[in-house]
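# based on what follows, work out the 3D shape:
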Amino acid sequence: MRRNWELLRNFGLEAIPIVKIRESLLKDSKLDQNYLILILSSCLIATFGLLINSAAVIIGAMIIAPLMLPLRGLSFATLEGDAKLLRSSAEAIALGTVMAVGCSLCIGLVIGLPQFGSEIWSRTQPTLIDLLIATVAGGISGYAKIRPEMSDAIPGTAISVALMPPLCVVGLTLSQGRWEAALGASLLYLTNLIGINLACIVVYVWGGYARSNELGRNLSWGVSIALIIMLAIPLGISFWQLSNQAKVNYSINRILVTESQLNKKSIEVENLRVDWKTKPPSVLLKVKVAEPISSSEVEVVEKFLSQELKQKFIVVFDVTASQRVQSSLLQSPLTNQEEK
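Just a heads-up that it's a prediction; the model follows:
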């Protein structure tokens, strides 16, 4: 049985010697000029990409991925109880984190955009899915470290679980005093950090490392699992809220637009926000419509929404009057088609 376990544990891994991988991780975790330049470059690219709401530019910052290098060293150091590697990797991660937040904060203060785009807001509400992504990507990253021929997988891994963009979002949201959004982006960064760390530890153990220092290994496992459990609570709550808000979005659009239960022409839902802290939950709708909406019609929407989702909701409409105006001399093709 033990022989079969050894074969399974080392199957296909062909892990490189522990001394060699330690030297490689020490080199990756070195706090030198190259690392600082990579941190600064990645931060600038990610920050500007977030400000112009460009996914392509943000991906460019993800590919650089300087924080991924010392993070793998941190996982190995905690597993082996290697004080030198632990100190080097922790210092690199800490300084890189502070630099990224500080740099993006300064850029946000200087540029002072009045409103952020979707690329920023999408990184302020992490869920359990983000933790799962970080865990899988961290495992691939650790696997690629002990299998040098797999190094081509690193760019894709860095894109799937980005560390730099959430840090830049923290700085940008802090520049506008949006503390709740900054907290959400910080939670996403910690989620990725801890998920990658735990997955790398699993891969290193599977690769045949950490054969000594039983106490240190158990401590590393215990700390990592405890942090995962602590993160799972807020991430689970966020995932539940986002999942339920998606259901509310779908139902509201079907009630108002697809099936048009209010019999309003050209009604347009501009924004929808659900406050889950109230009892029952309240739905604030910002809509554009040509005709006014009465309180009885709001009751109709509440009735349909409660029936569909099996839960009572309070619906509040924020109505913006919509009116189409055109020249008396010219008629648009759309108007001609409507008359026909």
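# what's the helix or strand for Lys145?
For Lys145, the element it lies in under DSSP states H and E is helix 128-146.
# and that helix, what does it pack onto?
helix 18-28, helix 68-80, helix 154-160, helix 179-206, helix 214-253 (3 or more Cβ pairs under 8 Å, 6 or more residues apart in numbering; DSSP states H and E). For the C-beta atoms, the positions are set from N, CA and C on the backbone; glycine is no exception.
# out of the ones you listed, which gets the lowest mean score?
Of all the helices and strands packed on helix 128-146, helix 154-160 carries the lowest average pLDDT, namely a mean of 54.
# so where does the nearest residue to Gly96 once chain neighbours are set aside fall, helix or strand?
When the adjacent residues along the chain are set aside, Gly96 lies closest to Ile39, with 4.7 Å between them (Cβ to Cβ, 6 or more residues apart in numbering). If you go by DSSP H and E, Ile39 is part of helix 33-51.
# quick one, that helix and helix 68-80 angle?
If you take axes from the mean of the first three to the mean of the last three Cα atoms, to 10 degrees, helix 33-51 sits at 120 degrees to helix 68-80.
# now helix 33-51: average pLDDT?
90.
# contacts for that helix?
55-58, 60-62, 64-67, 69-70, 92, 95-96, 99-100, 103-104, 107-108, 111, 113, 116-117, 119-120, 164-165, 167-169, 171-172 (Cβ atoms under 8 Å, 6 or more residues apart in numbering).
# 6 Å instead, please
57-58, 60-61, 64, 66, 96, 99-100, 103-104, 107, 119-120, 164-165, 168 (Cβ atoms under 6 Å, 6 or more residues apart in numbering).
# so which of those residues belong to helices?
With DSSP state H as the criterion, helices contain 57-58, 60-61, 64, 96, 99-100, 103-104, 107, 119-120, 164-165, 168 from among the contacts of helix 33-51.
# am I right that Lys288 is in a strand?
Yes: counting by DSSP: H, G, I helix; E, B strand; the rest coil, Lys288 falls inside a strand.
# residues near it, how many?
Lys288 has 14 neighbours, counted by other Cβ atoms under 10 Å.
# ok, what's across the strand from it?
For Lys288, the beta-bridge partners are Glu268, Thr320 (DSSP bridges).
# ok, Phe313 to Trp206 distance?
According to Cβ to Cβ, to the nearest Å, Phe313 stands 48 Å off from Trp206.
# any idea which residue is closest to the centre of this protein?
Residue closest to the average C-alpha location in the chain (Cα atoms, centre = their mean): Arg123, at 4.4 Å.
# wait, it touches Ala185, no?
Yes: in this structure, Arg123 is within contact of Ala185 by Cβ atoms under 6 Å, at 5.3 Å.
# what do those two both touch?
By Cβ under 6 Å, 6+ apart, the residues touching both Arg123 and Ala185 are 166, 169.
# and which of the ones in helices among the contacts of helix 33-51 is nearest Glu299?
Closest approach to Glu299 among the ones in helices among the contacts of helix 33-51 (Cβ to Cβ): Ile120, at 36.9 Å.
# number of residues surrounding the closest one?
There are 21 residues near Ile120, going by other Cβ under 10 Å.
# what residues are up against it?
Counting by Cβ under 6 Å, 6+ apart, Ile120 has contacts 50, 169.
# noted, bye for now.
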